[in-house]
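Trainee: sequence and predicted model, in that order:
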Amino acid sequence: MKRVAIVQSNYIPWKGYFDLIASVDEFVLYDDVQFTRRDWRNRNLIKTPQGVRWLTIPVASKGRYHQTIRETAIEGGDWAATHLQSLRSNYRRARFFDQVSELVEPLYAAPSSSLSDLNRAFLDAICN
């Protein structure tokens with residue numbers, strides 16, 4: 001019997017997301033559903049010395065209440081550099097930071113215009 005998991009994409013998912021991927025034979029990103037604002041699709045929390053901080057990818061959502069995750073476009077701005085700098089300044093002393101940094105820096109250097117494509121790129125890189 002084949003084990004399948006179907007989950008919506010998230011920006012920098014939690015460890016349990018990857019445990020789920022590892023536990024199934026087939027993993028499907030469900031991005032044909034409505035994009036939900038103020039959710040984990042385009043943002044996540046990091047720990048900082050001042051408390052938790054949101055890293056949010058700016059997306060085009062105003063007036064697009066029925067768009068799917070797949071249809072959600074990333075808006076311009078310098079968000080990628082800001083996110084990378086936040087990760088560097090808060091985690092540079094963490095064990096294995098250099099290895100993780102080598103993995104994610106290229107993802108931030110060439111971000112996609114599509115939220116779903118970007119989330120998929122992060123998943124693929126981390127899973128590989």
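Mentor: Yep, it's here.
Trainee: can you pull out the strands in the protein?
Mentor: 4-7, 26-29, 43-48, 51-56 (DSSP state E).
Trainee: want to throw those strands into CSV with distance to R120?
Mentor: C-beta coordinates here come from the backbone N, C-alpha and C atoms, glycine included. Conversion of these to CSV gives the following (distance: least, Cβ to Cβ, whole Å):
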stretch, distance to R120
strand 4-7, 12
strand 26-29, 6
strand 43-48, 16
strand 51-56, 18
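Trainee: in JSON lines: those strands, plus mean neighbour count.
Mentor: JSON lines is the format used below for the strands of the chain (neighbours: other Cβ atoms under 10 Å):
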{"stretch": "strand 4-7", "mean neighbour count": "12"}
{"stretch": "strand 26-29", "mean neighbour count": "14"}
{"stretch": "strand 43-48", "mean neighbour count": "14"}
{"stretch": "strand 51-56", "mean neighbour count": "12"}
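Trainee: which of those sits closest to A94?
Mentor: strand 43-48 (10.2 Å; Cβ to Cβ).
Trainee: same for the closest one, what does it pack against?
Mentor: Contacts defined by 3 or more Cβ pairs under 8 Å, 6 or more residues apart in numbering; DSSP states H and E place strand 43-48 against strand 51-56, helix 79-91.
Trainee: reformat those as CSV; add mean pLDDT and distance to T68.
Mentor: What follows is the helices and strands packed on strand 43-48, written out as CSV (pLDDT from 0 to 100; distance: least, Cβ to Cβ, whole Å):
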stretch, mean pLDDT, distance to T68
strand 51-56, 97, 19
helix 79-91, 96, 21
